[in-house]
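Undergrad: coords please:
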Amino acid sequence: MGFLSGIGRATLVFLAATGRLALFTARALSHCVRPPFYPRLLLQQMREIGYNSLPVVGLTALFTGMVLALQSYTGFARFNASSAIATVVVLSITRELGPVMAGLMVAGRVGAAMAAEIGTMRVTEQVDALTTLSTNPFKYLVAPRLLAGTLMLPCLVLVADIIGVFGGYVVSIYRLGFNPAAYLTSTAQYLETIDVVSGLAKAAAFGFIIALMGCYNGYHSKGGAQGVGAATTHAVVSASIMILMINYLLTGLFFS
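TA: Reported below is the predicted structural model:
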């Protein structure tokens, strides 16, 4: 009976947390479409999420494309299928690796920052001060971050796709000895619109998840500095897990 009671307790805790997250999401979405709006805060968050994340996302995409080309050559050379490396690189980057790697990098950089910033405001009672000043915390803190994350991550993923494919091109041409014209022709021949669109759609979902988990964990943090640290950790871990889960669901939706 003790084992069953433990399972039941964990289930109830999980359902309660899911309900709180669902209510938080619904409330945040409602404030994203209702005035008043804060365009200056939105632009600030777009710069923080998009422009300031370009270096880490670009480097990640570059080396991912380079490693992917090397690994593909190592495996395909055994079957005399080296000509398929260009196709594998461009499809892998645009469909999966670009959105997922960019999402995970942004989750570690931006999601943690959101949770720490809002969590610090929560434990120092700055969120309560906003309410006292007749400023809705959801409109001032949550809505701009959700909109910025949803809008900017597709832009980051588009740049990451270009850089990742370029990394594979550089390795294939200057390390593996491929013909540049043949490589570019193979890349363009097998790339379809749905490959890029599916990656950008995933990126928009990932950006929303990253911002949502950062704001949710920061908003509900408590217990001083230790609580803020726990909220930061939970934001990154939960966003990363949800990115991988949603990636599987969207992949099944687009390519089933």
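Undergrad: my guess is Val165 contacts Ser92, does it?
TA: No - with contact taken as CB atoms under 8 Å, Val165 and Ser92 are classed as non-touching, separated by 9.8 Å. Just so you know, the C-beta spots here come from the backbone N, C-alpha and C atoms, and that holds for glycine as well.
Undergrad: neighbour-wise, which of those two wins?
TA: Neighbour count, other CB atoms under 10 Å: between Val165 and Ser92, Val165 has more, with 24 against 19.
Undergrad: Regarding the residue nearest to Ile118 when sequence neighbours are not counted, which helix or strand does it belong to?
TA: Excluding the flanking residues, the one nearest Ile118 by CB to CB, 6 or more residues apart in numbering is Gly218, at 3.1 Å. If you go by DSSP states H and E, Gly218 is part of helix 193-219.
Undergrad: show me where this protein has helices.
TA: Secondary structure of the chain (DSSP state H): helices at 2-32, 39-49, 54-76, 85-92, 98-106, 112-123, 126-132, 137, 143-174, 180-190, 193-219, 224-255.
Undergrad: Dump those helices to TSV, plus mean pLDDT.
TA: Shown next, in TSV, are those (pLDDT from 0 to 100):
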stretch	mean pLDDT
helix 2-32	86
helix 39-49	91
helix 54-76	89
helix 85-92	88
helix 98-106	92
helix 112-123	89
helix 126-132	84
helix 137	84
helix 143-174	92
helix 180-190	85
helix 193-219	92
helix 224-255	89
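Undergrad: Pick the most deeply packed of those helices.
TA: For these, the largest average neighbour count (mean count of other CB atoms under 10 Å) is found in helix 98-106, namely a mean of 25.
Undergrad: what angle do that helix and helix 39-49 make?
TA: 100 degrees (axes from the mean of the first three to the mean of the last three CA atoms, to 10 degrees).
Undergrad: For the remainder of this discussion, apply numbering that starts at 544.
TA: OK, 544 is where the count begins now, so the last one is helix 641-649.
Undergrad: elements contacting helix 641-649?
TA: Here helix 641-649 touches helix 597-619, helix 686-717, helix 736-762, helix 767-798, going by 3 or more CB pairs under 8 Å, 6 or more residues apart in numbering; DSSP states H and E.
Undergrad: OK, contacts around the residue nearest to Ile661?
TA: Taking CB atoms under 8 Å, 6 or more residues apart in numbering as the criterion, Gly761 is in contact with 657-662, 664-665, 771, 774-775, 778.
Undergrad: of these, closest to Gly757?
TA: Using CB to CB, Met657 comes nearest to Gly757 of the contacts of Gly761, at 3.1 Å.
Undergrad: wait, doesn't that closest one sit right on Ile752?
TA: No - Met657 is beyond contact range of Ile752, at 12.0 Å (criterion: CB under 8 Å).
Undergrad: okay but Phe619 is in contact with Val632, surely?
TA: No - using CB under 8 Å, Phe619 is not in contact with Val632, being 11.1 Å away.
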